[in-house]
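Colleague: Need a 3D model of the sequence below.
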Amino acid sequence: MESRVLSGAATISGLVRLRKPVRDTVFFTPARPIGAVGEGGNLIWGRQLRPALILEGYPVIGVTTGKREILRPTMASTSSPAEGSDSAGDAKVGFFDKYPALVTGFFFFMWYFLNVIFNILNKKIYNYFPYPYFVSVIHLLVGVVYCLISWAVGLPKRAPIDSNLLKLLIPVAVCHALGHVTSNVSFAAVAVSFTHTIKALEPFFNAAASQFILGQSIPITLWLSLAPVVLGVSMASLTELSFNWTGFISAMISNISFTYRSIYSKKAMTDMDSTNVYAYISIIALIVCIPPAVIVEGPQLLKHGFSDAIAKVGLTKFVSDLFWVGMFYHLYNQLATNTLERVAPLTHAVGNVLKRVFVIGFSILVFGNKISTQTGIGTGIAIAGVAIYSYIKAKMEEEKRQLKSA
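Modeller: Okay, the predicted model is just below:
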(Lines give C-alpha, C1' and ligand atoms only; values in the text may rest on other atoms or scores of the structure.)
Protein backbone atom coordinates (compact mmCIF):
# COMPACT_ATOMS: atom_id res chain seq x y z
CA MET A 1 0.00 0.00 0.00
CA GLU A 2 2.82 2.37 0.94
CA SER A 3 4.66 1.77 -2.32
CA ARG A 4 1.49 2.52 -4.31
CA VAL A 5 1.00 5.78 -2.40
CA LEU A 6 4.58 6.88 -2.96
CA SER A 7 4.49 5.94 -6.65
CA GLY A 8 1.21 7.80 -7.01
CA ALA A 9 2.75 10.85 -5.35
CA ALA A 10 5.76 10.68 -7.68
CA THR A 11 3.46 10.44 -10.75
CA ILE A 12 1.48 13.49 -9.67
CA SER A 13 4.72 15.37 -9.01
CA GLY A 14 5.81 14.63 -12.58
CA LEU A 15 2.50 15.77 -14.06
CA VAL A 16 2.75 19.07 -12.22
CA ARG A 17 5.87 19.96 -14.16
CA LEU A 18 4.21 19.23 -17.53
CA ARG A 19 0.96 21.10 -17.16
CA LYS A 20 -0.84 23.59 -14.94
CA PRO A 21 -1.73 22.35 -11.48
CA VAL A 22 -5.15 20.91 -10.94
CA ARG A 23 -7.35 23.43 -9.23
CA ASP A 24 -8.28 21.11 -6.35
CA THR A 25 -4.68 20.18 -5.57
CA VAL A 26 -3.07 22.03 -2.67
CA PHE A 27 0.66 22.21 -1.97
CA PHE A 28 2.00 22.77 1.51
CA THR A 29 5.30 24.33 2.52
CA PRO A 30 6.85 22.94 5.73
CA ALA A 31 6.92 25.41 8.58
CA ARG A 32 9.41 25.47 11.46
CA PRO A 33 8.03 26.42 14.86
CA ILE A 34 9.93 28.62 17.23
CA GLY A 35 11.81 26.51 19.73
CA ALA A 36 11.63 23.35 17.64
CA VAL A 37 13.37 20.29 18.93
CA GLY A 38 16.12 20.67 16.38
CA GLU A 39 16.88 24.13 17.76
CA GLY A 40 17.05 23.11 21.41
CA GLY A 41 13.39 22.54 22.23
CA ASN A 42 11.66 23.86 25.31
CA LEU A 43 12.92 22.16 28.39
CA ILE A 44 12.98 23.32 31.98
CA TRP A 45 15.30 21.27 34.14
CA GLY A 46 14.93 17.97 32.39
CA ARG A 47 11.22 18.39 31.60
CA GLN A 48 10.91 18.93 27.89
CA LEU A 49 8.26 21.54 27.07
CA ARG A 50 7.95 21.08 23.33
CA PRO A 51 5.54 22.96 21.08
CA ALA A 52 3.58 20.98 18.52
CA LEU A 53 5.99 19.06 16.35
CA ILE A 54 5.85 19.67 12.61
CA LEU A 55 7.32 17.33 10.01
CA GLU A 56 10.56 19.13 9.33
CA GLY A 57 12.34 18.57 6.08
CA TYR A 58 9.43 16.54 4.64
CA PRO A 59 7.57 18.39 1.85
CA VAL A 60 3.92 17.41 1.84
CA ILE A 61 2.09 17.06 -1.44
CA GLY A 62 -1.66 17.25 -1.75
CA VAL A 63 -3.10 14.17 -3.42
CA THR A 64 -6.59 14.80 -4.79
CA THR A 65 -9.10 12.00 -4.44
CA GLY A 66 -12.50 13.34 -5.47
CA LYS A 67 -13.49 16.16 -3.14
CA ARG A 68 -11.21 15.11 -0.27
CA GLU A 69 -7.52 15.80 -0.02
CA ILE A 70 -5.22 13.24 1.59
CA LEU A 71 -1.85 14.54 2.73
CA ARG A 72 1.07 12.20 2.08
CA PRO A 73 4.63 13.04 3.21
CA THR A 74 7.32 12.31 0.63
CA MET A 75 11.00 12.08 1.48
CA ALA A 76 12.79 15.12 0.14
CA SER A 77 16.07 13.24 0.02
CA THR A 78 14.63 10.75 -2.48
CA SER A 79 13.89 13.37 -5.10
CA SER A 80 16.36 13.47 -7.93
CA PRO A 81 17.64 16.51 -9.81
CA ALA A 82 15.39 15.50 -12.70
CA GLU A 83 12.39 16.03 -10.47
CA GLY A 84 13.19 19.66 -9.80
CA SER A 85 15.92 19.43 -7.13
CA ASP A 86 19.09 20.29 -9.01
CA SER A 87 21.21 20.52 -5.87
CA ALA A 88 19.82 17.48 -4.05
CA GLY A 89 22.82 15.31 -4.80
CA ASP A 90 25.28 18.08 -3.89
CA ALA A 91 24.16 18.51 -0.29
CA LYS A 92 26.80 17.38 2.19
CA VAL A 93 25.71 15.33 5.19
CA GLY A 94 27.46 16.27 8.44
CA PHE A 95 28.78 13.79 10.98
CA PHE A 96 25.91 14.46 13.42
CA ASP A 97 23.34 13.73 10.69
CA LYS A 98 25.21 10.74 9.30
CA TYR A 99 25.65 8.92 12.64
CA PRO A 100 22.78 10.07 14.90
CA ALA A 101 22.74 6.87 16.99
CA LEU A 102 26.46 7.16 17.69
CA VAL A 103 26.12 10.79 18.73
CA THR A 104 23.14 10.02 20.98
CA GLY A 105 25.08 7.18 22.57
CA PHE A 106 27.97 9.55 23.26
CA PHE A 107 25.58 12.00 24.93
CA PHE A 108 24.24 9.23 27.17
CA PHE A 109 27.76 8.09 28.07
CA MET A 110 28.88 11.61 29.00
CA TRP A 111 25.66 12.20 30.97
CA TYR A 112 26.25 9.04 33.04
CA PHE A 113 29.99 9.61 33.36
CA LEU A 114 29.70 13.21 34.57
CA ASN A 115 26.86 12.27 36.94
CA VAL A 116 28.88 9.47 38.54
CA ILE A 117 31.99 11.67 38.86
CA PHE A 118 29.94 14.46 40.42
CA ASN A 119 28.36 12.18 43.03
CA ILE A 120 31.69 10.60 43.99
CA LEU A 121 33.60 13.89 44.23
CA ASN A 122 30.69 15.53 46.05
CA LYS A 123 30.68 12.84 48.74
CA LYS A 124 34.46 12.97 49.09
CA ILE A 125 34.21 16.70 49.80
CA TYR A 126 31.58 16.10 52.47
CA ASN A 127 33.89 13.60 54.18
CA TYR A 128 36.26 16.45 55.11
CA PHE A 129 34.04 19.52 54.66
CA PRO A 130 30.48 18.74 55.90
CA TYR A 131 28.79 21.99 54.91
CA PRO A 132 26.10 21.16 52.34
CA TYR A 133 24.53 24.63 52.20
CA PHE A 134 27.83 26.25 51.23
CA VAL A 135 28.72 23.47 48.77
CA SER A 136 25.28 23.84 47.15
CA VAL A 137 26.02 27.52 46.58
CA ILE A 138 29.37 26.60 45.00
CA HIS A 139 27.61 24.14 42.64
CA LEU A 140 25.36 26.90 41.35
CA LEU A 141 28.02 29.65 41.44
CA VAL A 142 30.42 27.75 39.17
CA GLY A 143 27.56 27.02 36.77
CA VAL A 144 26.45 30.66 36.70
CA VAL A 145 30.00 31.87 35.99
CA TYR A 146 30.21 29.29 33.20
CA CYS A 147 26.94 30.61 31.72
CA LEU A 148 28.05 34.25 31.97
CA ILE A 149 31.32 33.48 30.16
CA SER A 150 29.39 31.54 27.50
CA TRP A 151 27.07 34.50 26.98
CA ALA A 152 30.05 36.89 26.79
CA VAL A 153 31.60 34.95 23.89
CA GLY A 154 28.22 34.35 22.24
CA LEU A 155 28.04 30.56 22.78
CA PRO A 156 25.12 30.61 23.07
CA LYS A 157 23.79 34.08 22.47
CA ARG A 158 21.93 35.35 25.52
CA ALA A 159 18.17 35.35 25.05
CA PRO A 160 16.38 38.45 26.40
CA ILE A 161 14.09 37.98 29.38
CA ASP A 162 11.09 40.09 30.35
CA SER A 163 9.17 40.48 33.59
CA ASN A 164 6.45 38.04 32.55
CA LEU A 165 8.92 35.24 31.85
CA LEU A 166 10.80 36.07 35.04
CA LYS A 167 7.60 35.62 37.07
CA LEU A 168 7.13 32.20 35.50
CA LEU A 169 10.70 31.06 36.14
CA ILE A 170 11.01 32.25 39.77
CA PRO A 171 8.78 29.47 41.25
CA VAL A 172 10.66 26.87 39.19
CA ALA A 173 14.02 28.20 40.40
CA VAL A 174 12.92 28.40 44.05
CA CYS A 175 11.75 24.78 44.02
CA HIS A 176 14.95 23.78 42.27
CA ALA A 177 17.05 25.59 44.89
CA LEU A 178 15.20 23.93 47.77
CA GLY A 179 15.42 20.49 46.18
CA HIS A 180 19.11 20.94 45.41
CA VAL A 181 20.05 22.04 48.93
CA THR A 182 18.07 19.30 50.66
CA SER A 183 19.57 16.70 48.31
CA ASN A 184 23.02 17.82 49.37
CA VAL A 185 22.08 17.77 53.04
CA SER A 186 21.07 14.14 52.53
CA PHE A 187 24.26 13.35 50.59
CA ALA A 188 26.32 14.75 53.46
CA ALA A 189 24.38 12.84 56.14
CA VAL A 190 24.05 9.33 54.65
CA ALA A 191 25.54 7.09 51.97
CA VAL A 192 25.11 8.27 48.36
CA SER A 193 23.47 4.96 47.45
CA PHE A 194 20.85 5.39 50.19
CA THR A 195 20.01 8.96 49.14
CA HIS A 196 19.45 7.83 45.55
CA THR A 197 17.28 4.96 46.79
CA ILE A 198 15.07 7.44 48.68
CA LYS A 199 14.98 9.73 45.65
CA ALA A 200 13.57 6.83 43.67
CA LEU A 201 10.26 7.77 45.35
CA GLU A 202 10.04 10.95 43.27
CA PRO A 203 7.63 9.35 40.71
CA PHE A 204 5.27 8.53 43.60
CA PHE A 205 5.14 12.19 44.65
CA ASN A 206 4.70 13.26 41.02
CA ALA A 207 1.72 10.93 40.61
CA ALA A 208 0.19 12.10 43.90
CA ALA A 209 0.58 15.76 42.93
CA SER A 210 -0.95 15.15 39.50
CA GLN A 211 -3.93 13.34 41.05
CA PHE A 212 -4.68 15.52 44.08
CA ILE A 213 -3.26 18.96 43.14
CA LEU A 214 -3.64 19.21 39.38
CA GLY A 215 -6.80 17.07 39.33
CA GLN A 216 -5.49 14.73 36.63
CA SER A 217 -6.76 11.16 36.56
CA ILE A 218 -3.96 8.64 37.19
CA PRO A 219 -4.72 5.12 35.85
CA ILE A 220 -4.73 2.27 38.35
CA THR A 221 -1.93 0.56 36.42
CA LEU A 222 0.34 3.52 37.12
CA TRP A 223 -0.48 3.44 40.85
CA LEU A 224 0.16 -0.31 40.98
CA SER A 225 3.56 0.14 39.35
CA LEU A 226 4.53 2.44 42.23
CA ALA A 227 3.83 -0.22 44.87
CA PRO A 228 7.22 -1.94 44.44
CA VAL A 229 8.94 1.47 44.65
CA VAL A 230 7.40 2.18 48.05
CA LEU A 231 8.05 -1.40 49.21
CA GLY A 232 11.67 -1.37 48.04
CA VAL A 233 12.48 1.98 49.66
CA SER A 234 10.88 0.81 52.91
CA MET A 235 12.94 -2.39 52.91
CA ALA A 236 16.15 -0.51 52.18
CA SER A 237 15.49 2.11 54.87
CA LEU A 238 14.81 -0.40 57.67
CA THR A 239 18.23 -2.03 57.42
CA GLU A 240 20.39 0.77 55.96
CA LEU A 241 23.57 0.93 58.03
CA SER A 242 24.10 4.67 57.41
CA PHE A 243 20.46 5.58 58.15
CA ASN A 244 19.70 8.76 60.07
CA TRP A 245 16.61 10.92 60.10
CA THR A 246 18.37 14.03 58.76
CA GLY A 247 19.40 12.23 55.59
CA PHE A 248 16.03 10.51 55.18
CA ILE A 249 13.85 13.60 55.76
CA SER A 250 16.07 15.80 53.58
CA ALA A 251 15.81 13.35 50.68
CA MET A 252 12.01 13.28 51.09
CA ILE A 253 11.83 17.11 51.09
CA SER A 254 13.96 17.05 47.96
CA ASN A 255 11.41 14.73 46.31
CA ILE A 256 8.55 17.07 47.20
CA SER A 257 10.47 20.13 46.00
CA PHE A 258 11.28 18.58 42.65
CA THR A 259 7.65 17.51 42.30
CA TYR A 260 6.49 21.11 42.67
CA ARG A 261 9.26 22.18 40.32
CA SER A 262 7.75 19.86 37.73
CA ILE A 263 4.30 21.37 38.29
CA TYR A 264 5.54 24.94 37.89
CA SER A 265 7.64 23.94 34.87
CA LYS A 266 4.47 22.92 33.04
CA LYS A 267 3.07 26.39 33.65
CA ALA A 268 6.28 28.11 32.56
CA MET A 269 6.20 26.98 28.95
CA THR A 270 8.42 29.20 26.85
CA ASP A 271 9.94 29.34 23.38
CA MET A 272 13.36 30.20 24.83
CA ASP A 273 15.99 27.53 24.18
CA SER A 274 16.80 25.13 27.02
CA THR A 275 20.38 26.36 27.53
CA ASN A 276 19.24 29.92 28.23
CA VAL A 277 16.33 28.78 30.40
CA TYR A 278 18.69 26.62 32.47
CA ALA A 279 21.09 29.56 32.84
CA TYR A 280 18.37 31.90 34.13
CA ILE A 281 17.07 29.26 36.54
CA SER A 282 20.62 28.73 37.87
CA ILE A 283 21.05 32.47 38.47
CA ILE A 284 17.76 32.77 40.36
CA ALA A 285 18.45 29.59 42.35
CA LEU A 286 21.88 30.91 43.35
CA ILE A 287 20.34 34.10 44.71
CA VAL A 288 17.85 32.00 46.69
CA CYS A 289 20.54 29.69 48.15
CA ILE A 290 23.01 32.33 49.39
CA PRO A 291 21.02 33.75 52.40
CA PRO A 292 20.33 30.37 54.13
CA ALA A 293 23.94 29.30 53.56
CA VAL A 294 25.20 32.47 55.26
CA ILE A 295 22.71 32.20 58.13
CA VAL A 296 23.00 28.45 58.81
CA GLU A 297 26.68 27.80 58.14
CA GLY A 298 28.35 31.23 57.96
CA PRO A 299 29.52 31.49 61.58
CA GLN A 300 30.83 27.91 61.64
CA LEU A 301 32.68 28.36 58.36
CA LEU A 302 34.43 31.51 59.56
CA LYS A 303 35.25 30.00 62.94
CA HIS A 304 36.71 26.64 61.94
CA GLY A 305 35.09 25.27 58.75
CA PHE A 306 37.52 26.63 56.17
CA SER A 307 40.58 26.26 58.39
CA ASP A 308 39.80 22.60 59.22
CA ALA A 309 39.30 21.69 55.55
CA ILE A 310 42.55 23.41 54.50
CA ALA A 311 44.42 21.69 57.32
CA LYS A 312 43.16 18.28 56.15
CA VAL A 313 43.72 18.48 52.39
CA GLY A 314 45.54 21.75 51.70
CA LEU A 315 44.32 24.97 50.11
CA THR A 316 45.01 23.95 46.50
CA LYS A 317 43.08 20.67 46.69
CA PHE A 318 40.24 22.28 48.64
CA VAL A 319 39.72 25.02 46.05
CA SER A 320 40.17 22.67 43.08
CA ASP A 321 37.70 20.15 44.52
CA LEU A 322 35.06 22.86 44.95
CA PHE A 323 35.66 24.16 41.43
CA TRP A 324 35.49 20.76 39.74
CA VAL A 325 32.45 19.55 41.67
CA GLY A 326 30.63 22.70 40.57
CA MET A 327 31.76 22.24 36.98
CA PHE A 328 30.72 18.57 36.91
CA TYR A 329 27.35 19.50 38.41
CA HIS A 330 26.67 22.10 35.72
CA LEU A 331 27.96 19.98 32.83
CA TYR A 332 26.05 16.82 33.75
CA ASN A 333 22.81 18.78 34.03
CA GLN A 334 23.47 20.53 30.72
CA LEU A 335 24.32 17.19 29.08
CA ALA A 336 21.09 15.76 30.54
CA THR A 337 18.99 18.48 28.86
CA ASN A 338 20.86 18.04 25.56
CA THR A 339 20.43 14.26 25.71
CA LEU A 340 16.71 14.45 26.46
CA GLU A 341 16.21 16.63 23.40
CA ARG A 342 17.57 13.87 21.16
CA VAL A 343 15.49 10.92 22.35
CA ALA A 344 11.87 9.86 22.79
CA PRO A 345 10.25 9.95 26.26
CA LEU A 346 10.45 6.17 26.60
CA THR A 347 14.20 6.19 25.92
CA HIS A 348 14.58 9.04 28.39
CA ALA A 349 12.67 7.14 31.06
CA VAL A 350 14.82 4.03 30.68
CA GLY A 351 17.98 6.13 30.57
CA ASN A 352 17.08 7.96 33.76
CA VAL A 353 16.54 4.68 35.63
CA LEU A 354 19.84 3.26 34.35
CA LYS A 355 21.59 6.45 35.43
CA ARG A 356 20.43 5.93 39.02
CA VAL A 357 21.61 2.30 38.89
CA PHE A 358 25.03 3.46 37.69
CA VAL A 359 25.34 6.05 40.46
CA ILE A 360 24.29 3.61 43.20
CA GLY A 361 26.58 0.88 41.91
CA PHE A 362 29.66 3.04 41.47
CA SER A 363 29.19 4.79 44.83
CA ILE A 364 29.12 1.41 46.60
CA LEU A 365 32.29 0.32 44.77
CA VAL A 366 34.23 3.56 45.31
CA PHE A 367 33.34 4.16 48.96
CA GLY A 368 33.13 0.50 49.92
CA ASN A 369 29.78 1.02 51.65
CA LYS A 370 28.59 -2.09 53.42
CA ILE A 371 24.95 -2.85 52.72
CA SER A 372 22.80 -5.57 54.20
CA THR A 373 21.12 -8.19 52.03
CA GLN A 374 17.71 -6.66 52.71
CA THR A 375 18.95 -3.19 51.73
CA GLY A 376 20.33 -4.56 48.46
CA ILE A 377 17.09 -6.39 47.67
CA GLY A 378 15.00 -3.36 48.60
CA THR A 379 17.09 -1.09 46.38
CA GLY A 380 16.71 -3.50 43.48
CA ILE A 381 12.93 -3.70 43.94
CA ALA A 382 12.65 0.10 44.10
CA ILE A 383 14.68 0.58 40.91
CA ALA A 384 12.63 -2.10 39.13
CA GLY A 385 9.43 -0.33 40.20
CA VAL A 386 10.71 2.99 38.85
CA ALA A 387 11.55 1.27 35.56
CA ILE A 388 8.04 -0.18 35.26
CA TYR A 389 6.43 3.14 36.18
CA SER A 390 8.59 5.06 33.70
CA TYR A 391 7.81 2.59 30.92
CA ILE A 392 4.03 2.75 31.48
CA LYS A 393 3.98 6.53 31.76
CA ALA A 394 6.12 7.01 28.65
CA LYS A 395 3.84 4.69 26.66
CA MET A 396 0.80 6.66 27.83
CA GLU A 397 2.39 9.96 26.77
CA GLU A 398 3.28 8.49 23.38
CA GLU A 399 -0.30 7.32 22.83
CA LYS A 400 -1.62 10.78 23.75
CA ARG A 401 0.66 12.41 21.19
CA GLN A 402 -0.37 9.96 18.51
CA LEU A 403 -4.06 10.66 19.19
CA LYS A 404 -3.49 14.43 19.00
CA SER A 405 -1.57 14.15 15.74
CA ALA A 406 -4.13 11.77 14.18
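Colleague: List the contacts of stretch 123-141.
Modeller: 122, 177, 180-181, 184-185, 187-188, 192, 282, 285-286, 289-290, 292-293, 296-297, 300-301, 305, 308-309, 312-313, 318, 321-322, 325-326, 329-330, 363, 367 (Cβ atoms under 8 Å, 6 or more residues apart in numbering). Placement of C-beta: from N, CA and C, glycine included.
Colleague: now those: which count as buried?
Modeller: 122, 177, 180-181, 184-185, 187-188, 192, 282, 285-286, 289-290, 292-293, 296-297, 301, 305, 309, 313, 318, 321-322, 325-326, 329-330, 363 (16 or more other Cβ atoms under 10 Å).
Colleague: From those, which land in helices?
Modeller: Those of these mapping onto helices are 122, 177, 180-181, 184-185, 187-188, 192, 282, 285-286, 289-290, 292-293, 296-297, 309, 313, 318, 321-322, 325-326, 329-330, 363, per DSSP state H.
Colleague: Residue 235 - that's part of a helix, no?
Modeller: Yes. Applying DSSP: H, G, I helix; E, B strand; the rest coil, one finds residue 235 inside a helix.
Colleague: Now it: closest residue in space that isn't a chain neighbour?
Modeller: residue 378 (2.9 Å; Cβ to Cβ, 6 or more residues apart in numbering).
Colleague: all helices for this structure, in order.
Modeller: Under DSSP H, the chain gives helices at 2-18, 95-98, 100-128, 132-153, 163-189, 192-198, 202-212, 220-238, 245-267, 274-300, 306-313, 315-340, 345-367, 373-405.
Colleague: is it possible to export those to TSV including mean pLDDT?
Modeller: What follows is the helices of the chain, written out as TSV (pLDDT from 0 to 100):
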stretch	mean pLDDT
helix 2-18	43
helix 95-98	70
helix 100-128	89
helix 132-153	96
helix 163-189	93
helix 192-198	86
helix 202-212	82
helix 220-238	85
helix 245-267	87
helix 274-300	93
helix 306-313	96
helix 315-340	90
helix 345-367	75
helix 373-405	84
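Colleague: And residue 373, how close does it get to residue 364?
Modeller: Shown here: residue 373 relative to residue 364, a distance of 14 Å by Cβ to Cβ, to the nearest Å.
Colleague: again with residue 329
Modeller: On the measure of Cβ to Cβ, residue 329 and residue 364 end up 21 Å apart.
Colleague: Over to residue 370: give its phi and psi.
Modeller: Backbone dihedrals for residue 370, given as degrees, to the nearest 10, come out at phi -90, psi 130.
Colleague: Burial check on it, number of neighbours?
Modeller: 10 (other Cβ atoms under 10 Å).
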